[in-house]
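Novice: Here is my input, please return the structure:
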Amino acid sequence: MGLFSPFAAYYSQQIDQFLSEYQGLVNISKRHFWKFFHEAWERAFTAKNIRSAWEAAGICPLNPDRILAKIKKRNNTPGPVSTLSAETLRSTRALRRTYAALTC
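Specialist: Numbers count the residues shown, from 1 in each chain. This is a model prediction of the structure:
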């Protein structure tokens, strides 16, 4: 729950850095996946982040009301309204978010 957002951010940063470094002249292939994945994993899945995510989810210490409150809140609020602009499309992660917002 709380780990995959930072993981996705770090992974996107790896891709953005690669594209910037090679100015888009080198294609990303399967052989690049592990390097990007491993570094993002190491940065996101730290003991501190894991403890924080478990606490936020109400897993440790056990607090089922914490996650139930989030589910109830999610059911009562409308989805986000996004605007498409050049500023939105500056990173890989922003592109994925825009795509997800438009396809849902």
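Novice: Next up, phi/psi of residue 46, please.
Specialist: Listed backbone geometry of residue 46 is phi -90, psi 160, with angles given as degrees, to the nearest 10.
Novice: what does residue 7 give?
Specialist: phi -60, psi -50.
Novice: and it, how many residues sit next to it?
Specialist: Neighbour count of residue 7, defined by other CB atoms under 10 Å: 16. (C-beta placed from N, C-alpha, C; glycine too.)
Novice: residue contacts, the nearest residue to it once chain neighbours are set aside?
Specialist: Nearest-residue entry for residue 7: residue 44, 3.8 Å, with adjacent residues in sequence omitted and distances by CB to CB, 6 or more residues apart in numbering. Counting by CB atoms under 8 Å, 6 or more residues apart in numbering, residue 44 touches 3-4, 6-7, 9-10.
Novice: From these, keep the buried residues only.
Specialist: 3, 6-7, 10 (16 or more other CB atoms under 10 Å).
Novice: Pick the one among these closest to residue 102.
Specialist: Of all the buried ones among the contacts of residue 44, residue 7 has the smallest distance to residue 102: 23.1 Å, by CB to CB.
Novice: And what about the most far-flung residue of the chain relative to its centre, helix, strand or coil?
Specialist: For the chain, the residue at maximal distance from the C-alpha centroid (CA atoms, centre = their mean) is residue 25, at 25.9 Å. Taken by DSSP: H, G, I helix; E, B strand; the rest coil, the conformation at residue 25 corresponds to coil.
Novice: Let me know the distance separating it from residue 15.
Specialist: 15 Å (CB to CB, to the nearest Å).
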